[in-house]
Structure formats: structure tokens, C-alpha cells
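Asks: From the sequence below, what's the structure:
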Amino acid sequence: MTRTIPLLLALALPTSATAAASLPTDELEGRTKSQRAAESTPEIDRPVKLIAEFGTALARGNTEVFHINGDGRLILAPGADWVLETRARALYETSKGEEIANNWLVSERADRFLSQRFSLFAAAAIERNVFSGLDRRLSGQLGAAFLAWESRDAEADDLITNRLRLEIGFYGAREDLTLPPRSPPDAVLEESMRRIYAARAAASYVHAISKNSSAGVDVEVIQDFVDTANVVVNSSVYVAAALAEGFALKITAAHHFDNVPPPADPPLKKSDWLLTAGLVVSL
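Replies: Numbers count the residues shown, from 1 in each chain. Predicted coordinates for the structure are as follows:
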């Protein structure tokens, strides 16, 4: 018999607040600017926001599998019209004592809001995924984001029921390539490094089913200017259904498509799928 134990935890930790009436004038003005910065972006509703997700799975019996993944985001609104986001995520998995997945990413993004709907942003990231032939990728982005649609339910504490956010811009990367660990002994890597200069477009949609239940879709497309066949599409779909106040069951399906994966013999697959399910706790 095989036993599988999934667990997914998401924590949202708000900062403490002080009554406005007790604040000095200059401190109250600074607090108002921070609140205005927080309200000017769909990604944050307070000056400081921390979101952490953790998932694990363990199987014993006819098969042996261990899986662990984490995703953390620190979002800051340091002043009026500015939002900074630091993100880190990692995934590790073994099967029958053999490592079959090990990848991580760290990124930083800064948004300058020109209005509550429109912002300009810059971002940088470093990541590694040797099982997809990527020893290291250094990437950067410049672009613009636009809140295309937002609807609220005034009868449900002004709950945001629909939100559609669009992004467009430029993407550049340097990729150091490697053979996956499970490649045959006679495998050959046809190139060790490549540079990418591309256009990037992204869309993010969230629908609130109720106060604690939601569904969402994220899609990102990267089109290389130099090698037009090099197209990358990242997409994910999730549903979070409330079980009780602050608790929900979340199912997420993610797909990564790379039309020109790192060249190797034998060739790497173009698609990667990841499906996770577990408990979500929000505080």
C-alpha cells in the first residue's frame, strides 16, 4: 500500500497599525503616503505584506517519493507610488533515493505607479534547473503593467470579485546550459551558452467565488527577437475552495513550454507539468 501525505501552507502576515488620532502630523502624513502607495497596486493592500507557501508529499510502499516546494514573496510599499517585490521559490524531489527535481529562483521587481491602474516596472532574476538543461539563467525585464478590469461587490465588504492585469515589455537573459543529470553517458551538449533578446507579454486573472474562495489564471509569453522559433509560454490555473474561515483547499496546475529547449542529444522535452494540491492557511 502506498501512502501519500500532501501539505501546502500559505501565510499572509499583516503589519500592526496605530490609531491615526494618536500620530503626530508628520508621522500621519508619512503613514498616509504609504497607505496610498499600497492602494495603488492590485498586489498589495498594506505597506508591508509577506506571503509564504510550503508544500510537501511523501510516499512509501510500492514506490518511494519525497517532494518539497516553497514559494515566498515580500512586498513593500516604501513610499507613495512605489512597490518592491522580492520573491524566492524552490522545488526538490527524489524517487527511490534518486534526485529527479532540484530547481530554484530568486527575483526582485520594482514598480513605479503613475496611476492606480498603470505602472512601469523593472525586474531581475537568477534561477537554476539542471533537470531542464539550465545550469544558470540571469534575466532582466523592463515593461509596463495595466489594471484592465476590476469589479467589486459592495454588499460583501467591497470584495474584489474580478481582476484582470496585463503586462508588456522587453526581456533579456543569459543562459548557461548543461546536460541533465540523467543523460546517457554518450550525450552531447551542442552549445553551452546562449543569449535571449525578446518581447514579453503576460496576463493575470483572479475571480473571487466568495470571501475565502477564488480561482485564477496566469499566462506569460516570451518571444525571442533573434531566434523567432524560440517561444516560451508559462501558464498556471488554480482553484482555492474555502473549508472554514482562513482555511481552503487549493489545487494548482502549472505548465512550462519551451519551443527551443537547450540543445542536447538525446533532445529534451518541450513541456513540463506540475500539479499540486493541499491545504491553504491565511492569517
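
Asks: got a pLDDT number for V65?
Replies: Per-residue confidence at V65 stands at 84 (pLDDT).

Asks: What is the burial count for G61?
Replies: The local packing count at G61 equals 9, with neighbours defined by other C-beta atoms under 10 Å. (Each C-beta comes from the backbone N, C-alpha and C, glycine too.)

Asks: starting at the chain centroid, how far to stretch 225-233?
Replies: How far stretch 225-233 lies from its chain's middle: 22 Å, per C-alpha atoms, centre = their mean, to the nearest Å.

Asks: Which secondary structure elements does the helix or strand hosting A203 sit against?
Replies: Remark: A203 resides in strand 193-210, with elements defined by DSSP states H and E. The contact analysis (3 or more C-beta pairs under 8 Å, 6 or more residues apart in numbering; DSSP states H and E) places strand 193-210 against strand 134-153, strand 159-177, strand 213-224.

Asks: what angle separates it from strand 159-177?
Replies: If you take axes from the mean of the first three to the mean of the last three C-alpha atoms, to 10 degrees, strand 193-210 sits at 160 degrees to strand 159-177.

Asks: What residues of strand 193-210 count as buried?
Replies: Buried residues in strand 193-210, defined by neighbour count with 16 or more other C-beta atoms under 10 Å: 194, 196, 198, 200, 202-208.

Asks: rewinding a little: quick one, which of the helices and strands packed on strand 193-210 gets closest to V260.
Replies: Nearest to V260 among the helices and strands packed on strand 193-210 is strand 213-224 (7.9 Å), distances taken as C-beta to C-beta.

Asks: Now do the contacts for the residue lying closest to L105 once chain neighbours are set aside.
Replies: Nearest non-adjacent residue to L105, counting by C-beta to C-beta, 6 or more residues apart in numbering: E127, 3.9 Å away. For E127, the set of contacting residues under the criterion of C-beta atoms under 8 Å, 6 or more residues apart in numbering consists of 103-106, 134, 136-137, 139.

Asks: closest to P262 among those residues?
Replies: The shortest distance between P262 and any of these, using C-beta to C-beta, involves L134 and amounts to 6.6 Å.

Asks: how much space between H255 and S132?
Replies: Taking C-beta to C-beta, to the nearest Å as the measure, H255 and S132 are separated by 13 Å.

Asks: Name the residue in these two with the higher neighbour count.
Replies: Under the criterion of other C-beta under 10 Å, the comparison of H255 against S132 puts S132 first, with 18 against 15.

Asks: There's contact between the more buried one and K270 in this structure, I believe.
Replies: No. The pair S132 and K270 does not pass the contact test of C-beta atoms under 8 Å, sitting 10.3 Å apart.

Asks: Give me the common contacts of those two.
Replies: The contact sets of S132 and K270 overlap at 258, 261 (C-beta under 8 Å, 6+ apart).

Asks: that older thread, overlap in contacts of H255 and S132?
Replies: Counting by C-beta under 8 Å, 6+ apart, the residues touching both H255 and S132 are D272.

Asks: residue contacts, A203?
Replies: By C-beta under 8 Å, 6+ apart, the residues touching A203 are 164-167, 217-219.

Asks: change it to 10 Å
Replies: Neighbour list for A203: 148, 164-168, 217-221, 235 [criterion: C-beta atoms under 10 Å, 6 or more residues apart in numbering].

Asks: Next: E93.
Replies: For E93, the set of contacting residues under the criterion of C-beta under 10 Å, 6+ apart consists of 57, 65-69, 99-103, 131.

Asks: so how far is H67 from it?
Replies: For E93, the distance to H67 (C-beta to C-beta) stands at 4 Å.

Asks: list residues touching both of these two?
Replies: Taking C-beta under 10 Å, 6+ apart as the criterion, E93 and H67 both touch 57, 100-101.

Asks: For those, which ChimeraX command selects only the ones that are buried?
Replies: One line in ChimeraX is enough to select the buried members of these, burial here meaning 16+ other C-beta under 10 Å:
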select :57,101
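
Asks: Of the shared contacts of E93 and H67, just say which sits nearest to P181.
Replies: Of all these, the one with the least separation from P181 (C-beta to C-beta) is I100, at 8.8 Å.

Asks: wait, doesn't the closest one sit right on T63?
Replies: No. With contact defined as C-beta atoms under 10 Å, I100 and T63 do not form a contacting pair (12.0 Å).

Asks: sorry, back to before: A88: which of the shared contacts of E93 and H67 is nearest?
Replies: A101 (16.8 Å).

Asks: List the residues that contact that closest one.
Replies: Contact criterion C-beta under 10 Å, 6+ apart gives 67-69, 91-95, 129-132, 272, 274 as the residues in contact with A101.
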